[in-house]
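**Student:** quick one, what's the 3D model for this:
(chains A and B)
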Amino acid sequence: MTTVDTAGPDLAPGAGEGRRPTPPRPTRASRSRSRRGGLTPYALLTPALIVLALIVGWPLVQLVVTSFQEFGRAQVFGAPPAWVWFENYADVLTDPVFHGVLLRSLAFAAACVVTTMLFGTLVALMMTRLTKFFRILLSIGMLLAWAMPALTATVVWGWMFDTAYGVVNHVLVNWFGLAEYFQHSWLIDPLSFFVVAGLIIVWGAVPFVAFTLYAGLTQVPDEVLEAAQLDGAGGVARFRLIVFPYLKPIFLIVTILQIIWDLRVFTQIFALQDIGGIRALTSTLGVYIYQTSIAGGDFGHGGATAVITAILLMSISVFYIRHLAKEEEL
Amino acid sequence: MTRARLATVAYSAVSVVLFAFFVFPVYWMVNTSLQPNNEIRGSDLHFWPDNLTLRNYETVLFDPGRTPFLPAAGNSLTVTILTVVIALVFAFLASVAVTRFRFASRRAFIITILVVQMIPGEAMIVSIFRVIDGWHLLNTIVGLTLVYVATVLPFTIWTLRGFVNGVPVELEEAAMIDGCSRAGAFWRVTFPLLAPGLVATGVFGFIQAWNEFIMALVLNARPEMMTLPVWLRTFLVANGTTNWAGLMAGSTLMAVPVIVFFLVVQGRMTSGLVSGAVKG
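**Tutor:** Residues are numbered from 1 along each chain as shown, chains lettered A, B, ... in the order given. Have a look, this model is predicted:
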């Protein structure tokens, strides 16, 4: 209880301007005094570099190499792979199945991001108006949702939307008299499948957005808001002219993170397909790569799809990385 | 009632509805897990476990007919603890290097860390699978741990770097004037001040490794080497009707440690996440 109580003040200074919860940075004077140290820094970096080279660097090279090869089950068992250069890429880029997957991923991510940001902003704004008791209550609820592992969350929501015994169908039929929801399958129809998947994702993501934006909102100086109110600015005008400009950097970063996370979504879709979706009609990029490569054994085309996905995601990440690098004065 | 008073009541009411929305699935998981399996398949809904039973937990924990829970929990715990310890040590060393020393490729290293962190794991599963297979480390604790260490390292380095930066070099220099060696000054003065940072990043690593699903699914598919998320999935794909009560008991067992840890470190959560982008 006490930990939740301190959420507000604790969150505020850290997240306020995208900074870390640390005391002031070392001054220029103390920086220039930091030492050169010869080989010591390299020795300190070695363990981390070795792990990253082995588990990120080397597989990345392998991935790119494989994407230029014909690499199927036979090659896994030792047959030498044939070089096909850009053939895999041409195949993937002209494959209507891939187009479907890509469009589906983009549309789904867009819907999730917009809903999450809208809902999260509203919750954050509301938190500033709540009395302490209700703010703590809502914070506890959101912390629980946030803490749920993605897989267990999906399993639980899958159970709630279960065709035969799910609480959702039961309530719709018995409380609202909607007889058509008796034994209604939520996951067979792809659109309805994505509504459920989106609900799971938004449910899990809103707490992060709301907490972060709320922390930002507490940084907006009251005097400025009061001055604006005295000058006759209404609620909407105050939000647009004062609150939003203050919030903009945080808003931007959170949106980018949501875009990246929602494009990368795997667990929720994958587990929901296990519960009852039609794989061919509901796969997103990550799940599709898994199916082509691991389940289907076609590492060449899977590799090409993975490289295309990685390029897409990395190009979005560039904004985020540049922002961090600037913010931190590396 | 005045307009302001009315608004307060309205906001409070909405916040209660939102609270219910966020908590209900968690509540429903626990509620289902405490009811007899035949009861949750009845035509009545039980919003409260009137026939409270721990049978589902017993089934999940000890039923010999299923992939057993305890070995999976053991695997999860082993991999998670190893990951946290190794990642913390490696990240600590690296963060000292980038904060306390100036060297030629320092900036390049930090940018690399940020870039590596954004490489989508989903795109890498195939090649990581093949590389780990090539080293004969599929279905081993070592293989999975190695992959998890690499996964959490960038974030851990980035966050610890912020914490080390927060401790003024002047403190160490004062200790050196008092006769400490450079390493001694760091160890006696700065290191104790980093405890909160180490705890926070350690818990982050714990949650990441404990929840991780895709890599574990691909790398440790053999029943006796499964981790908890993969074990939980076996319930979903089992033949016949899904044992929802058992599944909810399993989910509860898996979620509880994470929820507890989350509550412990939630103060540092948002800022860390904004700068680290961990929970996907």
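**Student:** hey, let's count contacts and neighbours off CA atoms from now on
**Tutor:** Will do.
**Student:** I'd like the distance between the spatially closest residue to residue A:159 that is not a sequence neighbour and residue A:153.
**Tutor:** Using C-alpha to C-alpha, 6 or more residues apart in numbering or on different chains and skipping residues adjacent in sequence, the residue nearest residue A:159 is residue A:166, 5.8 Å away. Counting by C-alpha to C-alpha, to the nearest Å, the gap from residue A:166 to residue A:153 is 15 Å.
**Student:** any idea which element the most centrally placed residue in chain A lies in?
**Tutor:** Chain A has residue A:261 as the residue nearest its centroid, 2.2 Å off, counting by C-alpha atoms, centre = their mean. Using DSSP states H and E, residue A:261 maps to helix A:244-263.
**Student:** for whichever helix or strand comes after that helix, list the C-alpha coordinates in CSV.
**Tutor:** Downstream of helix A:244-263, the first helix or strand assigned by DSSP H and E is helix A:267-275. The C-alpha coordinates for helix A:267-275 follow below in CSV (Å, rounded to 0.1, in the frame of the first residue of the first chain):
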residue,chain,number,x,y,z
THR,A,267,2.7,-13.6,-27.7
GLN,A,268,-0.9,-12.3,-27.6
ILE,A,269,-1.5,-13.3,-31.3
PHE,A,270,0.3,-16.6,-31.0
ALA,A,271,-1.5,-17.7,-27.8
LEU,A,272,-4.8,-16.5,-29.0
GLN,A,273,-4.4,-18.6,-32.2
ASP,A,274,-3.7,-21.6,-29.9
ILE,A,275,-7.0,-20.9,-28.1
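**Student:** just the mean pLDDT for helix A:267-275, thanks.
**Tutor:** Mean per-residue pLDDT for helix A:267-275: 93.
**Student:** tell me how far stretch B:232-243 lies from the chain's centre.
**Tutor:** 24 Å (C-alpha atoms, centre = their mean, to the nearest Å).
**Student:** can you pull out the strands in the stretch 1-150 of chain A?
**Tutor:** A:69-70, A:82-83 (DSSP state E, counting those that start in this stretch).
**Student:** so what does the first one touch, helix or strand wise?
**Tutor:** Contacting strand A:69-70 under the criterion 3 or more C-alpha pairs under 8 Å, 6 or more residues apart in numbering or on different chains; DSSP states H and E are the following elements: strand A:82-83, helix A:299-327.
**Student:** quick one: list the elements packing against the last one.
**Tutor:** This points to helix A:299-327. Using 3+ C-alpha pairs under 8 Å, 6+ apart, the elements in contact with helix A:299-327 are helix A:58-67, strand A:69-70, helix A:87-94, helix A:244-263, helix A:285-290, helix B:106-118, helix B:121-134.
**Student:** so residue B:103 touches residue A:41, yeah?
**Tutor:** Yes: using C-alpha atoms under 8 Å, residue B:103 makes contact with residue A:41 at a distance of 7.4 Å.
**Student:** more neighbours: the two, which one.
**Tutor:** residue A:41 (23 against 17; other C-alpha atoms under 10 Å in any protein chain shown).
**Student:** list the contacts for the more buried one?
**Tutor:** Residue A:41 makes contact with B:94, B:96-98, B:101, B:103, according to C-alpha atoms under 8 Å, 6 or more residues apart in numbering or on different chains.
**Student:** same check on residue A:263?
**Tutor:** Applying C-alpha under 8 Å, 6+ apart, we find residue A:263 in contact with A:105-106, A:109, A:285, A:313.
**Student:** hmm, which of the residues you listed is lowest in pLDDT?
**Tutor:** residue A:313 (87).
**Student:** what about the nearest residue to that residue once chain neighbours are set aside, how many residues nearby?
**Tutor:** With sequence-adjacent residues excluded and distances taken as C-alpha to C-alpha, 6+ apart, residue A:313 is closest to residue A:260, at 6.6 Å. For residue A:260, the neighbour count with other C-alpha under 10 Å is 23.
**Student:** ok, back up a step: and the residue nearest to the centre of chain A, what's its pLDDT?
**Tutor:** For residue A:261, the predicted pLDDT is 88.
**Student:** the nearest residue to residue A:119 once chain neighbours are set aside: neighbour count?
**Tutor:** Among residues not flanking residue A:119 along the chain, residue A:206 sits closest, at 6.8 Å (C-alpha to C-alpha, 6+ apart). Neighbourhood size, residue A:206 [other C-alpha under 10 Å]: 25.
**Student:** returning to what we had before: might one say that the residue nearest to residue A:159 is in contact with residue A:155?
**Tutor:** No: here residue A:166 does not reach residue A:155: they are 12.0 Å apart, not a contact under C-alpha under 8 Å.
**Student:** okay, the two: which has more neighbours?
**Tutor:** Higher neighbour count among residue A:166 and residue A:155: residue A:155, with 26 against 19, using other C-alpha under 10 Å.
**Student:** ok, now which ones touch that one?
**Tutor:** A:271-272, A:275, B:251.
**Student:** the helix or strand encompassing it vs helix A:267-275, what angle?
**Tutor:** Counting by DSSP H and E, the element that carries residue A:155 is helix A:150-160. With axes from the mean of the first three to the mean of the last three C-alpha atoms, to 10 degrees as the basis, helix A:150-160 and helix A:267-275 are set at 40 degrees to each other.
**Student:** return the distance of helix A:150-160 from the chain's centre.
**Tutor:** Per C-alpha atoms, centre = their mean, the centroid offset for helix A:150-160 relative to its chain is 17 Å.
**Student:** show me where pLDDT drops low in the chain?
**Tutor:** Picked chain A for this. A:1-37, A:328-330 (pLDDT under 70).
**Student:** chain B was what I was after
**Tutor:** For chain B, the ranges with pLDDT under 70 are B:1, B:238-240, B:266-280.
**Student:** just the element for the residue sitting nearest the centre point of it, please.
**Tutor:** In chain B, the centroid-proximal residue (C-alpha atoms, centre = their mean) is residue B:207; its distance is 1.1 Å. If you go by DSSP H and E, residue B:207 is part of helix B:195-211.
**Student:** how about that helix and chain A, touching?
**Tutor:** Yes: Helix B:195-211 reaches chain A (C-alpha under 8 Å from any C-alpha of the partner chain) through residue B:211.
**Student:** run the chain-centre distance for that helix.
**Tutor:** Here the centre of helix B:195-211 is set off from its chain's centre by 7 Å, with C-alpha atoms, centre = their mean.
**Student:** may I have the next helix or strand after that helix as CSV, with CA atoms only?
**Tutor:** Following helix B:195-211 in sequence order, the next helix or strand is helix B:214-219 (DSSP H and E). Listed next in CSV are the C-alpha coordinates belonging to helix B:214-219 (Å, rounded to 0.1, in the frame of the first residue of the first chain):
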residue,chain,number,x,y,z
ILE,B,214,9.2,-16.9,-27.9
MET,B,215,12.8,-17.9,-27.4
ALA,B,216,11.9,-20.4,-24.7
LEU,B,217,9.3,-21.9,-27.1
VAL,B,218,11.8,-22.3,-29.9
LEU,B,219,15.0,-23.2,-27.9
